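Q: Here you go, sequence then predicted model.
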Amino acid sequence: MAIGSKVSGNFKSASGLFAKVNGGWKKAKFGYIKVNGEWKQFWADKLEDTFNRADTTSTLGVAESGQAWTVLRSQWQINSNNAKTTGSKSDYPLASVDAGFLDFDLQANELTPGTGVAIRITDANNWWGVLPYYNQTAQTYSYCVRSHQESYCIASCTEPAGYNLVCNPPNVSIFEDIYDYVCPGGYELEYYYEYVLVEAGECRTVTVPGACYTEYRQNCTWVYVPFSAPMRVCNPAPTRICDPATSSTVCEPDRYELVESYYETCPAGERYEKIGYSHECSPEGFDNVPYYACCQAGSYTVCDQSATGTTYTNYYYLQVVKMVDGVFSVVADVAVPERWSAVKVSALNNSLTVTAFTDSLYTNQIGTYSTNAFFETGTGYGVVSRSSNFEDGRTIGSLFVKPLGQ
């Protein structure tokens with residue numbers, strides 16, 4: 001229960017108790033009340049526990065400040081100087097000490113994702129909590145494993161490099177298949193030898209003149225001339241007679257060489273099939289269209305083989321949660337830039353302030369949250385756990401709670 005007094009009609013939580021001992025006022029560490037003949041603790045000046053004690057199996061034992069822990073939900077134990085839950089996170093494991101004060105200052109460290117502190121606990125089904133909550137998303141991406149460079153034209157030449165035949169409308173392209181005999185298994189060569197004429201003999205005409213002789217007449221006489229030798233005188237004079245000339249053709253012999261020759265055979269048998277097609281542009285024929293070469297070229301990378309990879313994005317939150325009448329909900333998710341493991345929490349009436357730190361010395365602050373809608377009126381404080389989507393944890397290292405302003 002909370003202790004306090006009414007001031008101007010409003011209930012004010014007490015920050016401490018004092019008792020008169022030997023005539024002097026002494027600050028009390030605990031407050032007790034007798035119920036049905038039995039003393040029960042209803043108030044303490046603080047709750048302090050580093051869980052630095054022997055391991056247990058099903059209890060958190062007694063806090064260093066002297067209070068006995070109560071497990072309200074699921075299971076808790078001492079493990080390696082930490083408070084650790086071994087129960088199902090879906091049960092929202094909760095352990096508590098009723099300190100008896102409403103307004104408080106709290107600090108805790110060595111928090112793990114999904115495990116933090118519970119505040120203003122009334123019972124197992126009514127409380128608030130503060131804890132780290134992390135999430136991770138995966139994104140797939142493609143990257144190139146093997147690539148090559150391909151060229152492309154930046155600027156074409158101004159003068160045509162040639163012309164292509166194009167069948168432009170209203171003309172119509174007409175394609176007709178062409179068939180011929182083919183050899184499916186491939187042709188083979190059969191070799192043989194033969195004499196081949198390499199040079200033909202030349203022929204020429206040879207002319208032979210006829211024989212010539214002198215013909216003498218019978219009426220010839222000797223003439224004697226003084227002082228000279230006698231002369232034969234024929235009348236008429238002798239005649240020179242030649243036979244007609246004769247012609248003949250003389251040819252040199254042809255020259256042959258023995259050469260290797262071959263012819264093609266198709267062992268599997270030839271087959272008549274389609275070997276191509278003809279292309280006709282009807283009725284007016286093809287147009288002669290110019291094409292242009294490239295006068296300025298560049299290159300770019302073409303991926304031949306790609307693969308898929310995965311990249312991950314982590315999200316870190318300072319999460320404030322609550323359970324009201326057994327219904328769990330998230331009050332706030334405050335995004336912070338990195339992991340955090342320590343927290344300070346304070347409350348006055350309906351105001352709540354939460355500050356997260358990355359270190360156990362509470363020096364590196366990374367996120368805060370505050371609200372004026374903190375209406376829970378329980379006086380219990382402790383440890384709580386829920387599932388964290390990423391790096392889920394189950395332990396907390398220390399907890400210190402005292403009345404506000406004390």
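A: Thanks, I have it.
Q: When you work out contacts or count neighbours from here on, use the C-alpha atoms and nothing else.
A: Fine.
Q: What is the burial count for the residue lying closest to Lys402 once chain neighbours are set aside?
A: Once flanking residues are discounted, Lys402 sits nearest to Lys46: 4.3 Å by Cα to Cα, 6 or more residues apart in numbering. Using other Cα atoms under 10 Å, Lys46 has 23 other residues around it.
Q: The residue nearest in space to the middle of the chain: which element?
A: The centre of the chain sits closest to Ser142, judged by Cα atoms, centre = their mean, with a distance of 2.3 Å. Using DSSP states H and E, the element containing Ser142 is strand 126-166.
Q: relative to strand 126-166, how tilted is the helix or strand just after that strand?
A: Following strand 126-166 in sequence order, the next helix or strand is strand 172-182 (DSSP H and E). Relative orientation of strand 172-182 versus strand 126-166 (axes from the mean of the first three to the mean of the last three Cα atoms, to 10 degrees): 80 degrees.
Q: Contacts for the helix or strand just after strand 172-182, please.
A: Beyond strand 172-182 in the direction of the C-terminus, DSSP H and E gives the next helix or strand as strand 188-199. Contacts with strand 188-199, where a contact means Cα atoms under 8 Å, 6 or more residues apart in numbering, come from 254-267.
Q: Please repeat the previous calculation with a cut-off of 6 Å.
A: Applying Cα atoms under 6 Å, 6 or more residues apart in numbering, the contact partners of strand 188-199 are 255-265.
Q: And stretch 356-364, by the same measure?
A: 109, 340-343, 365-367.
Q: cutoff 7 Å now
A: Stretch 356-364 is contacted by residues 109-110, 318, 339-344, 365-368 when judged by Cα atoms under 7 Å, 6 or more residues apart in numbering.
Q: Need the buried ones from the residues you listed selected in ChimeraX.
A: Burial among the contacts of stretch 356-364 is assessed by 16 or more other Cα atoms under 10 Å; the matching ChimeraX selection reads:
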select :109,110,318,339,340,341,342,343,344,366,367,368
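Q: Near the residue lying closest to Pro160 once chain neighbours are set aside, how many other residues are there?
A: Nearest residue to Pro160, sequence neighbours excluded (Cα to Cα, 6+ apart): Tyr292, at 4.6 Å. For Tyr292, the neighbour count with other Cα under 10 Å is 14.
Q: does Tyr292 sit in a helix, a strand or a coil?
A: Under DSSP: H, G, I helix; E, B strand; the rest coil, the three-state class of Tyr292 is strand.
Q: ok so, going back, dump the contacts of stretch 356-364 to TSV, plus secondary structure, distance to Ala118 and pLDDT.
A: Putting the contacts of stretch 356-364 into TSV (DSSP: H, G, I helix; E, B strand; the rest coil; distance: Cα to Cα, whole Å; pLDDT from 0 to 100) gives the following:
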residue	secondary structure	distance to Ala118	pLDDT
Asn109	strand	13	98
Glu110	coil	15	98
Leu318	strand	14	98
Arg339	coil	20	98
Trp340	coil	17	98
Ser341	coil	15	98
Ala342	strand	14	98
Val343	strand	12	98
Lys344	strand	12	98
Gln365	strand	20	98
Ile366	strand	21	97
Gly367	strand	18	98
Thr368	strand	17	98
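Q: shouldn't Glu150 be in contact with Gly298?
A: No: assessed by Cα atoms under 7 Å, Glu150 is found out of contact with Gly298, at 8.4 Å.
Q: so what's in contact with those two at the same time?
A: By Cα under 7 Å, 6+ apart, Glu150 and Gly298 have no common neighbours.
Q: Give me the phi and psi for the closest residue in space to Ser341 that isn't next to it in sequence.
A: Leaving out its chain neighbours, the residue that sits closest to Ser341 by Cα to Cα, 6+ apart is Leu111, at 4.6 Å. The phi/psi pair for Leu111 (degrees, to the nearest 10) reads phi -80, psi 150.
Q: same question, Ser90
A: Torsion angles, degrees, to the nearest 10, at Ser90: phi -70, psi -10.
Q: count of neighbours near it?
A: Neighbours of Ser90 under the rule other Cα under 10 Å: 10.
Q: what does Leu94 give?
A: 30.
Q: before we move on, back to that, can I get the contacts of strand 188-199 in CSV with neighbour count and pLDDT?
A: Below are the contacts of strand 188-199 laid out as CSV (neighbours: other Cα atoms under 10 Å; pLDDT from 0 to 100):
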residue, neighbour count, pLDDT
Arg255, 12, 87
Tyr256, 13, 83
Glu257, 11, 85
Leu258, 11, 85
Val259, 11, 84
Glu260, 11, 84
Ser261, 13, 82
Tyr262, 11, 81
Tyr263, 10, 80
Glu264, 11, 85
Thr265, 14, 88
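Q: Next, the contact list for the residue nearest to Ser341, please.
A: Going by Cα under 7 Å, 6+ apart, Leu111 touches 341-342, 395-397.
Q: Farthest-apart pair in those, please.
A: Within the contacts of Leu111, Ala342 and Thr395 form the most distant pair, 12.5 Å apart (Cα to Cα).
Q: which residues touch the closest residue to Ser147 other than its chain neighbours?
A: The shortest distance from Ser147 to any non-neighbouring residue, by Cα to Cα, 6+ apart, is to Cys303 (4.2 Å). Cys303 is in contact with 144, 146-148, counting by Cα under 7 Å, 6+ apart.
Q: which among these gets closest to Gly201?
A: Closest approach between the contacts of Cys303 and Gly201, by Cα to Cα: His148, at 64.8 Å.
Q: Is the closest one in contact with Ser299, as I believe?
A: No: counting by Cα under 7 Å, His148 stays clear of Ser299, with 9.9 Å between them.
Q: Find the helix or strand that the residue nearest to Ser147 is a member of.
A: Here Cys303, judged by DSSP H and E, is contained in strand 287-324.
Q: strand partners of that strand, parallel vs antiparallel please.
A: strand 126-166 (antiparallel), strand 327-336 (antiparallel) (DSSP bridges).
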